[in-house]
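show me the folded form of this:
(one chain, ligands or ions: 2)
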Amino acid sequence: MEGVGEEEMEGVDHLAHERNKSEFDVDAMKIVWAGSPHAFDVSDRISKLVASDPGFRKDNRSTLSRKELFKNTLRKAAYAWKTIVDLRLSEEEAAKLRFYVDEPAFTDLHWGMFIPAIKGQGTEEQQQKWLPLAYKMQIIGCYAQTELGHGSNVQGLETTATFDSQTDEFIIHSPTLTSSKWWPGGLGKVATHAIAYARLIVGGREHGVHGFIVQLRSLEDHSPLLGITVGDIGMKFGNGAYNTMDNGVLQFDHVRIPRNQMLMRVSQVTCEGKYKQSDVPRQLVYGTMVYVRQTIVADASCALSRAVCIATRYSAVRRQFGSQNGGPETQVIDYKTQQSRLFPLLASAYAFRFIGEWLKWLYADVTQRLQANDFSTLPEAHACTAGLKSLTTTATADGIEECRKLCGGHGYLCSSGLPELFAVYVPACTYEGDNTVLLLQVARFLMKTVSQLGSRLSSKKPVGTIAYMTRVEHLMQCRCGVQRGFAELSADLVEAAVAHCQLIVVSKFIEKLQQEIPGKGVKQQLEVLCNIYALFLLHKHQGDFLSTGCITPKHAALANDELRSLYSQVRPNAIALVDAFNYTDHYLGSILGCYDGNVYPKLYEAAWKDPLNESVVPDGYHLYIRPLLKQEIRTARL
Ligand SMILES: CCCCCCCCCC/C=C\CCCCCC(=O)SCCNC(=O)CCNC(=O)[C@H](O)C(C)(C)COP(=O)(O)OP(=O)(O)OC[C@H]1O[C@@H](n2cnc3c(N)ncnc32)[C@H](O)[C@@H]1OP(=O)(O)O
Ligand SMILES: Cc1cc2nc3c(=O)[nH]c(=O)nc-3n(C[C@H](O)[C@H](O)[C@H](O)COP(=O)(O)OP(=O)(O)OC[C@H]3O[C@@H](n4cnc5c(N)ncnc54)[C@H](O)[C@@H]3O)c2cc1C
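Ligands and ions are numbered 1, 2, ... in the order given. Below you'll find the predicted structure:
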């Protein structure tokens, strides 16, 4: 091309020199990241299918109005469903396709909460009736728990479900403004049914919050049914972002549903109006939240790895200062400050991947035990899912923002993909349980555990985590030893809860490395990342560790020296470590993170596509600017 230097030519891999530095088998690492050869095959195939189909285009989202954006999301969801049906995709492939479409939509809650709630809290009969309809998307569901006045405090929900033994029905009602359902995704404009959580009243007696299947809209013309007032709650954070989702408001005005639409696996109401509590913990009503929290941990590794991939590739492309005798300037990835900010996030992405794998196993294990009426691990499963959801989403949201800053000014462009990623991701710190509220649950679990086991919380941890374990015990002893109430000490106890969750992440990373991990240099790279994750946290929280006495100031200094050495070991492998995520340019949605590193021509080209550049003289010039310039000040017509 005329006047285009080698460094700007399309089709050239501008990161080839970085990829050639790799000291490990990237293809083998791709398998480790995916979880198995099969998982990699599905993920690779489906991500390329989505990337190659113009029907899944997403680069124009930031220029659409809310209504255009939402209608486009409906189109994509319908197109995705048609693709799934036409190609006869499996449930696993279909889930991957929805993931790579990468757009918050009603389908997330239909598949991610409505169906799991029926599977987890419905009787066999109820599952047989409702699941086939839901799997075929002949009904579209949402999870309507949160209300205008209550979200964290589930037992404070006000919606009522009053049993009418005359008609064998429940009357679902919103008695107050604050009892309006508020926030449920998919509720505002699309869902035909909801799992609605309400206070069960039988024979004038209250029995706490239970789940009910309620039809909201006609399956003929989609109009709200009698007694149902439903709509969208309005624009949310960011422009495109989560505004593809119709988070809704819903009021019930004495809506009648058949008795068999109360989810009755945990508790039952007989036609005679007798309330029966199965001999299972009432907390099983919360089971769907446990399930979603463990999926959110896996989501965190995806979101953080996307941001780290963008920031790492761009840090290798970007050069700033340091030119010697007219030679090339320094790659910013070579600056120690850039490495000390970026590489702990790279290590965290891998750490969260592996803790997500473990949590998926833990959830499957507790689910299997529940089926055998073994509730012994339910408290730990709740504490782990709550705590790890809190830890990983906070770290990921902060990490995405740090990746934006690592990309300098260009990180603030929508075309970097980072502002949208942050805006879509950051509610994860709130939904499925406010992160502080969830840490308080962990703190409560730790208090109970300490009081039952004495000081030692658990001896089942790998040797390398002694310092981490001692830190948790020390933090708990400092708090439990003080004769003040839980509420008074809650801020300190939350810190102990975070420390406990960090201990779990570090120990599961170490356990992962004790497994057989094939591929040249792969295990060695993961060991480096594990050490970075553990030593970075030790450095960040060294006050805690020093106060336990199990490390000295000299140890802390040595740990910091070791971190610098580990960053130098990662440096030649950084691009290969993010290539191992195997993200397509379509999924990354980022010019800064594009695979070939040919950033500047793409940035320049993208700028001219902005609607503002459709004319060289902007609308409004003649009305507002020209008079200014010509000092013909007059009252501008609004
Ligand atoms: C690239 C981008 C990727 C990112 C993804 C983007 C895609 C976008 C789409 C995303 C799709 C889906 C995600 C969004 C969906 C979000 C959906 C929601 O938000 S649904 C609503 C969620 N709401 C909550 O989480 C509410 C939080 N509150 C609670 O869970 C409870 O109120 C409480 C636990 C805080 C308190 O419970 P309560 O019963 O009031 O009282 P106690 O604390 O005394 O607990 C009693 C007892 O029960 C135990 N317990 C509590 N919870 C559980 C549980 N879940 N499982 C098991 N046991 C539980 C607790 O430990 C106590 O035990 P004791 O032995 O008595 O101590
Ligand atoms: C994008 C998005 C999607 C959502 N989707 C759904 C959905 O599909 N279905 C659904 O049912 N809900 C949904 N929600 C609602 C979500 O689950 C709630 O917002 C969440 O559970 C937090 O509850 P809250 O809003 O009442 O926060 P609050 O509890 O009011 O939190 C406000 C502040 O009070 C603090 N706080 C509250 N209680 C305590 C305490 N005991 N001790 C110390 N501090 C406390 C919190 O830490 C926080 O700082 C969604 C929310 C968002 C943002």
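
could you use CA atoms for every contact and neighbour count after this?
Fine.

ligand 2 contacts on the stretch 351-500 of the chain?
The stretch 351-500 of the chain comes close to ligand 2 at residues 427, 430, 431, 432, 433, 434, 436, 437, as judged by C-alpha under 6 Å from any ligand atom.

which one among those residues gets closest to residue 469?
Comparing these against residue 469 with C-alpha to C-alpha picks out residue 436 as the nearest, at 21.6 Å.

tell me which helix or strand the closest one sits in.
helix 435-453 (DSSP states H and E).

pull out the buried positions in that helix.
Of the residues in helix 435-453, those buried by neighbour count under the rule 16 or more other C-alpha atoms under 10 Å are 435-447, 449-450.

ligand 1 next: which of those residues are close?
Filtered for proximity to ligand 1 (C-alpha under 6 Å from any ligand atom), the buried residues of helix 435-453 shrink to residue 437.

mind checking if the longest helix seen in the chain is in reach of ligand 1?
Longest helix in the chain, counting residues (DSSP state H): helix 336-371. No. Contact check for helix 336-371 against ligand 1, using C-alpha under 6 Å from any ligand atom: none in range, with a minimum separation of 10.6 Å.

circling back: quick one: buried residues of the helix or strand that comes right after the helix holding residue 436?
With elements assigned by DSSP H and E, the helix or strand that comes after helix 435-453 is helix 466-480. Neighbour counts over helix 466-480 (16+ other C-alpha under 10 Å) mark 467-477, 479-480 as buried.

and of the residues you listed, the nearest to residue 55?
If you rank the buried residues of helix 466-480 by distance to residue 55 using C-alpha to C-alpha, residue 468 comes first, at 48.8 Å.

per-residue confidence for that closest one?
Confidence at residue 468, expressed as pLDDT, is 86.

how about residue 479?
66.

now residue 450
With respect to pLDDT, residue 450 has a value of 80.

ditto for residue 442
At residue 442, the pLDDT value in this model is 96.

let me know whether it touches residue 497 as I believe.
Yes. Contact status for residue 442 versus residue 497: in contact at 5.7 Å, counting by C-alpha atoms under 8 Å.

any residues in contact with both of the two?
In terms of C-alpha atoms under 8 Å, 6 or more residues apart in numbering, residue 442 and residue 497 are both contacted by the residues residue 387.

before we move on, back to that, tell me what the helix or strand just after the longest helix of the chain is packed against?
Past helix 336-371, further along toward the C-terminus, the next helix or strand under DSSP H and E is helix 378-406. When contacts are defined as 3 or more C-alpha pairs under 8 Å, 6 or more residues apart in numbering; DSSP states H and E, helix 378-406 sits against helix 287-317, helix 336-371, helix 418-425, helix 435-453, helix 486-513.

wait, does helix 378-406 make contact with ligand 1?
Yes. In this structure, helix 378-406 sits against ligand 1 according to C-alpha under 6 Å from any ligand atom; the contacting residues are 378, 379, 382.

wait, what's in contact with the second one?
Which is residue 379. Listed by C-alpha under 8 Å, 6+ apart, the contact set of residue 379 reads residue 445.

would you mind listing what in the protein touches ligand 1?
Contact residues, the chain versus ligand 1 (C-alpha under 6 Å from any ligand atom): 104, 108-109, 145-146, 151-155, 283, 286-287, 289-290, 299, 303, 378-379, 382, 425, 431-433, 437.

return a ChimeraX selection command for the buried portion of the residues you listed.
In ChimeraX, this line selects whichever of the residues of the chain next to ligand 1 come out buried by 16+ other C-alpha under 10 Å:
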select :104,108,109,145,146,151,152,154,286,287,289,290,299,303,378,382,425,431,432,433,437
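
centre of the chain to the worst-scoring helix or strand of the chain on mean pLDDT, how far?
Among the helical and strand segments of the chain, the one scoring lowest on mean pLDDT, DSSP states H and E is helix 466-480, with a mean of 81. Helix 466-480 sits 29 Å away from the centroid of its parent chain (C-alpha atoms, centre = their mean, to the nearest Å).
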